[in-house]
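Engineer: Sharing a model prediction with you, sequence too.
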Amino acid sequence: MTEVLGTLPAGDLKVLVVWLPIQHEDNREAASTNARVFDEPRMVHMWDPAGVEAKIWSPKLGLPKGQLAWDVFIVLPRGAMWPADDPPAPTYWCTSSRSPSG
């Protein structure tokens, strides 16, 4: 991720990284440790222990009911804002384990 950001001009690009408890070893401490690997000023990291973000984004990405949105990269237009439970449709999204979409 930091290599990709390094190729982009600083501008006002923001990156929100949401860490989730998907794997058995995923916890706040592991998220904090991994966040240090992605030390880039445009990145903001948060720990989501209940997986709320994964559940909210799944329908917007057209994932099957019950499948969580994790390990995904979501691009939103500049200035995108939304109510907490209804994010906008992304301009683009992809994941390392599924085909790109958007």
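Structural biologist: Yep, that arrived. Numbering: from 1, shown residues only.
Engineer: Counting neighbours, show which residues of stretch 67-81 come out buried.
Structural biologist: Applying a neighbour-count criterion of 16 or more other C-beta atoms under 10 Å, the buried positions in stretch 67-81 are Ala69, Trp70, Val72, Ile74, Leu76. Just so you know, the C-beta spots here come from the backbone N, C-alpha and C atoms, and that holds for glycine as well.
Engineer: could you measure the last one against Asp26, distance?
Structural biologist: Using C-beta to C-beta, to the nearest Å, one gets 25 Å for the distance from Leu76 to Asp26.
Engineer: Next: the second one.
Structural biologist: From Trp70 across to Asp26, the span is 10 Å (C-beta to C-beta).
Engineer: three-state assignment of Thr33?
Structural biologist: When states are read from DSSP: H, G, I helix; E, B strand; the rest coil, the local structure at Thr33 comes out as helix.
Engineer: quick one: contacts for Arg28?
Structural biologist: Contacts for Arg28 were tallied using C-beta atoms under 8 Å, 6 or more residues apart in numbering; they are Trp47, Pro49.
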